[in-house]
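Novice: Let's see this in three dimensions:
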Amino acid sequence: MATNINLTNPELLRETGVSPTRRAATRPTDERELIEAERIYRQGVITVRDLIAPAALKIEPSFLRLNGRFTRTLFVVTYPRYISVGWFAPIINYNSPLDISMYFYPVASDVILKQLKNKVGALEAQLITDSEKGAPRDPMRETALRDIEKLRDDLTQGTEKFFQFALYVTLYADSLEDLNNLTGKIEGLFGSRLVYSKRAFFQTEQGYVSTLPLGLDQLQVTFNMNSSPIASSFPFVSADLSSDSGVLYGINRHNNSLILFDRFSLQNPNYTVFATAGSGKSYAIKLEVVRSMMFGTDVIVIDPEHEYKYLSDAVGGTYINVSLNSDSKINPFDLPRAISSDETTADIIRSAVITLKSMFRLMLGNLTHEEDSIIDRALLETYAKKDITPDADLQNVEPPVMADFEEVLSGMTGAESLVERLKKYTQGTFAGLFNSPTNIELNNQLVVFSVR
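Specialist: Just a heads-up that it's a prediction; the model follows:
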């Protein structure tokens, strides 16, 4: 039999052998004990910081050892007077892991204009003094004066902004020897652009943190620069255009890598080729057609110059010569293929009627609402004449031709004008082009329409 004991009653506690003082001591009523208990609990909880933190970190004066790898940070000290666009591309495209950070600190234009005004005054005074003394002209001072005056004009007009610009590069290597070799090569690339860089001695940790995606500039090594030369440092370059699968388009002339990608995997696969005459546009397109067919791509070509005939014959494609005396015939009343397994026979017929109505708007000119309704009804009756109804089996049916549509249309009230306009496609000049059953294979991987 269970017994409920009130542990807050001292008499009952004595009967049960529990001391009231000891019972009170077991309650964490002290706030410090609660804080200590929470701290002990949180020591056993895994946080995001624990997951991303390195297993080991050793800070040396000239490098930092991180998880067995060696890292070193370089910072740019000064730049030349002229710097070309894309000068930073060889470093960005370098075949080695690099972390690059750029920091931009805007400076108010009025502060810079005041400093530049004082600098102009000092330079002009020095030039006047040299001229009075008969000393030879100083090209460096004259060039500096012209540069400052141009910068003052641009800042005043608002076409330029002034910044303090910081550029850091962190290198990674598996050994200290590899790190030293990599550092020498990157410093050589900087030096070839007349950009002077230094290593972060006794600031390796600060340099590494400054290149992490945290936005923390702990080195604070900046260079005064306006917006135009800063823009030349932006990494708007591509290392390569290669992917795991796709068509070979050529060789990247910047780094001699292969341009290999599947443009149909992109969000917008369309593209246009522009080049001068005789530079190989047609050859490039034909080569892409053949290579795309090897990956199962269905290709349709509209050929205005009769130049894809040999390609079509070589790969077994269908070449359709669209002309009045052509042997190739296409029946516009052919039923479309079902897009999905859920599409019914009624949906297929409805899709064919909508497509034919669009074609007749082009063939017969402007249609009134009454004529549009008459054509819609006549098309359905034309298909029904060949037993093509929503209940029919489309596997064993013969599509109608333009003459069948004219026959149905001539028996309808109010269609006299439509019949007269349609006769040139059934009995006139264009009869051989549209009034015959299809005699070519359209279900082919390559279909070329010659419209020459």
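Novice: Count the residues that sit near S328.
Specialist: By the criterion of other CB atoms under 10 Å, S328 has 17 neighbours. Every residue, glycine included, has its C-beta placed from N, CA and C.
Novice: same question, F190
Specialist: Residues near F190, counting by other CB under 10 Å, number 23.
Novice: Just to check, it is in contact with R199?
Specialist: No. Counting by CB atoms under 8 Å, F190 does not reach R199; the two are 11.5 Å apart.
Novice: in the stretch 101-250 of the chain, what spans have low per-residue confidence?
Specialist: 235-241 (pLDDT under 70).
Novice: now the helices for it?
Specialist: Using DSSP state H, counting those that start in this stretch, the helices of the stretch 101-250 of the chain run over 109-133, 139-157, 176-192, 204-210, 227-231.
Novice: Return every residue with contacts to both of F190 and R199.
Specialist: Listed as contacting both F190 and R199 by CB atoms under 8 Å, 6 or more residues apart in numbering are L74.
Novice: How about N439: what's its closest non-neighbour residue?
Specialist: K329 (4.9 Å; CB to CB, 6 or more residues apart in numbering).
Novice: Look at that neighbour and give its secondary structure.
Specialist: Look at K329: counting by DSSP: H, G, I helix; E, B strand; the rest coil, its state is coil.
Novice: let's number from 6 now, not from 1
Specialist: Sure, I'll start numbering at 6, so the last one becomes K334.
Novice: gap between the two ends of stretch 209-228?
Specialist: End-to-end span of stretch 209-228 (CA to CA, to the nearest Å): 20 Å.
Novice: Can you give me the buried ones in it?
Specialist: Buried residues in stretch 209-228, counted by 16 or more other CB atoms under 10 Å: T209, Q211, G212, Y213, V214, S215, T216, D222, L224, V226, T227, F228.
Novice: Now the fourth one: closest residue in space, sequence neighbours ignored.
Specialist: The reference is to Y213. Once flanking residues are discounted, Y213 sits nearest to L69: 5.4 Å by CB to CB, 6+ apart.
Novice: Where does V81 fall, secondary structure wise?
Specialist: strand 74-83 (DSSP states H and E).
Novice: Correction: the previous question concerned I325.
Specialist: Counting by DSSP H and E, the element that carries I325 is strand 323-326.
Novice: ditto for D347
Specialist: D347 is part of no helix or strand, with elements assigned from DSSP H and E.
Novice: Look up how far P395 lies from it.
Specialist: The gap separating D347 from P395 is 15 Å, by CB to CB, to the nearest Å.
Novice: between those two, who's got more neighbours?
Specialist: When neighbours are counted by other CB under 10 Å, D347 and P395 differ, and P395 comes out ahead with 12 against 7.
Novice: low-confidence ranges in the stretch 356-457 of the chain?
Specialist: Regions of the stretch 356-457 of the chain meeting the criterion pLDDT under 70 are absent.
Novice: Which residue ranges make up each domain of this protein?
Specialist: Per automatic domain parsing, the domain ranges recorded for the chain read 6-58, 62-236, 350-441.
Novice: Adding distance to T302, write those domains out as a markdown table.
Specialist: Shown next, in a markdown table, are these (distance: least, CB to CB, whole Å):
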| stretch | distance to T302 |
| --- | --- |
| domain 6-58 | 43 |
| domain 62-236 | 31 |
| domain 350-441 | 24 |
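Novice: Which neighbouring elements make contact with the next helix or strand after the strand holding V81?
Specialist: Note on strand 74-83: by DSSP H and E, the next helix or strand toward the C-terminus is helix 94-97. Judged by 3 or more CB pairs under 8 Å, 6 or more residues apart in numbering; DSSP states H and E, helix 94-97 is in contact with strand 103-112, helix 181-197.
Novice: Which among the domains of the chain is found nearest to P341?
Specialist: Taking CB to CB, domain 350-441 is the member of those nearest to P341, at 5.5 Å.
Novice: tell me how far the ends of that closest one are from each other?
Specialist: OK, domain 350-441 end separation, CA to CA: 24 Å.
Novice: ok now that domain, how far from the chain's centre?
Specialist: 45 Å (CA atoms, centre = their mean, to the nearest Å).
Novice: tell me the contacts of S67?
Specialist: Going by CB under 8 Å, 6+ apart, S67 touches R77, R204, F206, T209.
Novice: So how do I select the buried members of those in ChimeraX?
Specialist: Selection of buried members from the contacts of S67 for ChimeraX, criterion 16+ other CB under 10 Å:
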select :77,204,209
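Novice: need the contacts of S67 in CSV with distance to Y315, can you?
Specialist: Compiled in CSV, the contacts of S67 are given as follows (distance: CB to CB, whole Å):
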residue, distance to Y315
R77, 59
R204, 62
F206, 68
T209, 65
